[in-house]
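Peer 1: just the structure for this:
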Amino acid sequence: MSDQKPSSTPHQPLIADGHHATAAAPRLLPLLRIESTTTRRRATTRFKVTVFIFAAAFLAIGAAHAVHRAVRRHVAQNAKHRHSGERPWHRVGGCEVSHRGAVPPLQPPSAIDAVIAVQGDDAEWMTRQGFRRIALSETDERWMAEDQIIGLLRQKIHFMDVTDRDLESVASLKAYKAEDCPTSASKQSVVLPIAGNVSVPALTSWLTELSTSFKTRYYQSPSGAKASQWIFDQAKHLAKKAAANVKVSVKQFEHPWPQSSVIARIEGEDAADAPVVVLSAHLDSVNHQNPWFGQSPGADDDGSGSATIFESFQILMSSGFVPKRPIEFHWYAGEEGSLLGSQKSDMTGYFPSGETETIAVMTDFVDPALTRFLKALVETYAGVGWTETSCGFACSDHASWTKVGFPSAFMFESEFPASSPYVHTPVDDVSNVSFEHMAKFTKLAIAFAVEMSLF
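Peer 2: Numbers count the residues shown, from 1 in each chain. Just a heads-up that it's a prediction; the model follows:
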């Protein structure tokens, strides 16, 4: 590859090469006109030479356009991803990725890396070309194309998309104080009657419809957008049935990609600027081998979390419960696209066969006080014990809240290494989900909402 720096238009050098190749063609045309005035033998010889020259010219043009198309595919984020199961390292676009999950410094540059090297300091230009700014850790950020990002997904390497810097826009909101969090469960008389309405058949019906109605809920896909609309419609329909004393609103939060997030809110008795209690899950799914078109029912990841908070929303609203602090239920779009889209419920429907059933509580990238309170809720309401686990940088949406200083806690279906082996595949379906396990998480979500909103 030439060491000449690209111009501000990424394809211009390659297009120029194509023009040079094409320019040779007009110089061949006079040969064709001369042939009609020569002898047949000489004409035949020159015709053969002419045809040969034309063939060479067309091959040159074809080669130039092939190179041009190859780099266009890179810049358009459609380059083929190369795999190797034998080597300890293999390339994902311009990035070397370890089978052990580490990401070392970039290796000798590819066509993508050459563009990034020149334009990487121009965030607006890079974003227009389809590149995304990806955080691989708290200190490591780099520009990547979609094929590189998909490579990270396939290798199960956690990362956060920080291109739009939208988290910074909420960092200046009202600061959280430690005294805003309870230290123990104290509202059993309110929680238990409401949580007693949790229904396994209702969870089963809702999750089955969500996970079978859409081939994939990938956030960039048309069916992913339809799945978001379906959840919005379901929540909007429920809101119309709210008790007269309960004020409920449901809205969609639009993003630059097709799929919207959905937010349902139960208003509180306190002032409008009172701290908000948030229960969240992510509504999208992904097939890591074929994100756009692969079958991805996403029953556990994260249909189970989405069903958990939807059932919590439905029960709280129909019970006539009025909180002091407002309660919001968030179904996030684009979590599988690197946290593009609280108390977090991500995957609540699986625990390993033969193992003791527990509720896993994350200990990294969470608020310690809120996490201690979550453990107290498990002890009081879940009927099973809790176990600590960790999932690393940017493993789910709670990391986004933590990054900007808002307290979050994260409950999970099992210890992280023992979580469902079916996620991100076509067999993450309801046959591999325990709805009884999900029901315990739903009771916990209701307990969290009531206890926090009345504190």
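
Peer 1: any buried residues in stretch 317-334, and which?
Peer 2: 317, 319, 321-323, 325-334 (16 or more other C-beta atoms under 10 Å). Where you see a C-beta, it was placed from the backbone N, CA and C, and this is true even at glycine.

Peer 1: which ones among those residues are found in strands?
Peer 2: 327-332 (DSSP state E).

Peer 1: quick check: of the residues you listed, which lies closest to residue 267?
Peer 2: For those, the minimum distance to residue 267 (C-beta to C-beta) is 8.7 Å, reached by residue 327.

Peer 1: show me what contacts the closest one?
Peer 2: Residues in contact with residue 327 (C-beta atoms under 8 Å, 6 or more residues apart in numbering) are 265-266, 268, 276-279, 316, 449, 453.

Peer 1: let's go with 7 Å and repeat that
Peer 2: Neighbouring residues of residue 327 by C-beta atoms under 7 Å, 6 or more residues apart in numbering: 266, 277, 449, 453.

Peer 1: now, the most widely separated pair of these?
Peer 2: Most distant of these, by C-beta to C-beta, are 266 and 277, 9.3 Å apart.

Peer 1: which one of the ones in strands among the buried residues of stretch 317-334 sits closest to residue 375?
Peer 2: Using C-beta to C-beta, residue 327 comes nearest to residue 375 of these, at 20.9 Å.

Peer 1: gap between the closest one and residue 288?
Peer 2: 34 Å (C-beta to C-beta, to the nearest Å).

Peer 1: over to residue 236?
Peer 2: As for residue 236, its distance to residue 288 is 32 Å (criterion: C-beta to C-beta).

Peer 1: try residue 364
Peer 2: With distances taken as C-beta to C-beta, residue 364 is found 23 Å from residue 288.

Peer 1: does residue 262 touch residue 228 like I think?
Peer 2: Yes - the criterion here is C-beta atoms under 7 Å, and residue 262 meets it with residue 228 at 6.3 Å.

Peer 1: list residues touching both of those two?
Peer 2: Joint contacts of residue 262 and residue 228 (C-beta under 7 Å, 6+ apart) are residue 283.

Peer 1: now the nearest residue to residue 190 once chain neighbours are set aside: phi and psi?
Peer 2: Excluding the flanking residues, the one nearest residue 190 by C-beta to C-beta, 6 or more residues apart in numbering is residue 450, at 5.5 Å. Phi and psi for residue 450, reported as degrees, to the nearest 10, are phi -70, psi -50.

Peer 1: just for the stretch 301-450 of the chain, where's the confidence low?
Peer 2: When residues are selected by pLDDT under 70, those of the stretch 301-450 of the chain lie in 336-346, 397.

Peer 1: can you pull out the helices in it?
Peer 2: 305-319, 368-377, 398-403, 435-453 (DSSP state H, counting those that start in this stretch).

Peer 1: can you list those in JSON lines and add distance to residue 137?
Peer 2: What follows is the helices of the stretch 301-450 of the chain, written out as JSON lines (distance: least, C-beta to C-beta, whole Å):
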{"stretch": "helix 305-319", "distance to residue 137": "25"}
{"stretch": "helix 368-377", "distance to residue 137": "21"}
{"stretch": "helix 398-403", "distance to residue 137": "11"}
{"stretch": "helix 435-453", "distance to residue 137": "29"}
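
Peer 1: so which of the ones you listed gets nearest residue 129?
Peer 2: Among the helices of the stretch 301-450 of the chain, helix 398-403 sits nearest to residue 129 (C-beta to C-beta), with 24.9 Å.

Peer 1: with just CA atoms, put that closest one into CSV.
Peer 2: In CSV, the C-alpha atoms belonging to helix 398-403 read as follows (Å, rounded to 0.1, in the frame of the first residue of the first chain):
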residue,chain,number,x,y,z
HIS,A,398,-25.6,-0.3,34.3
ALA,A,399,-22.1,0.7,33.3
SER,A,400,-23.5,3.7,31.4
TRP,A,401,-25.1,5.0,34.5
THR,A,402,-22.1,4.4,36.7
LYS,A,403,-19.8,6.1,34.2
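
Peer 1: and stretch 294-303, end to end?
Peer 2: End-to-end distance of stretch 294-303 (C-alpha to C-alpha, to the nearest Å): 17 Å.

Peer 1: name the residues that touch it?
Peer 2: 207, 210-212, 215-218, 281-282, 285-287, 346-347, 349-350, 420, 422-424, 426, 428-430, 432-433.

Peer 1: let's see it at 8 Å
Peer 2: So stretch 294-303 is contacted by 207, 210-212, 215-218, 281-287, 335, 345-347, 349-350, 413, 420, 422-426, 428-430, 432-433 (C-beta under 8 Å, 6+ apart).

Peer 1: filter those residues down to the buried ones and hand me the PyMOL line.
Peer 2: Buried members of these, defined by 16+ other C-beta under 10 Å, are picked up in PyMOL with:
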select buried, resi 207+210+211+215+216+217+218+281+282+283+284+285+286+287+335+345+346+347+349+350+413+420+422+423+424+425+428+429+430+432+433
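
Peer 1: which strand or helix spans residue 142?
Peer 2: Taking DSSP states H and E as the definition, one finds residue 142 inside strand 141-144.

Peer 1: that strand - contacts with which helices or strands?
Peer 2: strand 132-135 (3 or more C-beta pairs under 8 Å, 6 or more residues apart in numbering; DSSP states H and E).

Peer 1: for residue 202, which non-adjacent residue is closest in space?
Peer 2: residue 311 (6.0 Å).

Peer 1: neighbours of the one you found, how many?
Peer 2: Counted with other C-beta atoms under 10 Å, the neighbours of residue 311 add up to 25.

Peer 1: who's in contact with it?
Peer 2: Neighbouring residues of residue 311 by C-beta under 8 Å, 6+ apart: 198-199, 202-203, 206, 442.

Peer 1: now for those, which sits with the most neighbours around it?
Peer 2: residue 442 (28 neighbours).

Peer 1: from residue 189, how far off is that residue?
Peer 2: 19 Å.

Peer 1: which one is residue 391 nearest to, not counting chain neighbours?
Peer 2: residue 416 (4.7 Å).

Peer 1: if we can go back for a sec, quick one: closest of the helices of the stretch 301-450 of the chain to residue 359.
Peer 2: Using C-beta to C-beta, these put helix 435-453 closest to residue 359, at 6.8 Å.

Peer 1: what is the orientation angle of that closest one with helix 305-319?
Peer 2: Orientation check (axes from the mean of the first three to the mean of the last three C-alpha atoms, to 10 degrees): helix 435-453 against helix 305-319 gives 60 degrees.

Peer 1: now helix 435-453: buried residues?
Peer 2: Neighbour counts over helix 435-453 (16+ other C-beta under 10 Å) mark 435, 437-453 as buried.

Peer 1: do stretch 396-414 as well
Peer 2: Buried, per 16+ other C-beta under 10 Å, within stretch 396-414: 396-403, 406-414.

Peer 1: and it, end to end?
Peer 2: Terminal-residue distance, stretch 396-414 (C-alpha to C-alpha): 15 Å.

Peer 1: just stretch 278-296 next, same as before
Peer 2: 27 Å.

Peer 1: next: stretch 289-301.
Peer 2: Termini of stretch 289-301 sit 16 Å apart (C-alpha to C-alpha).
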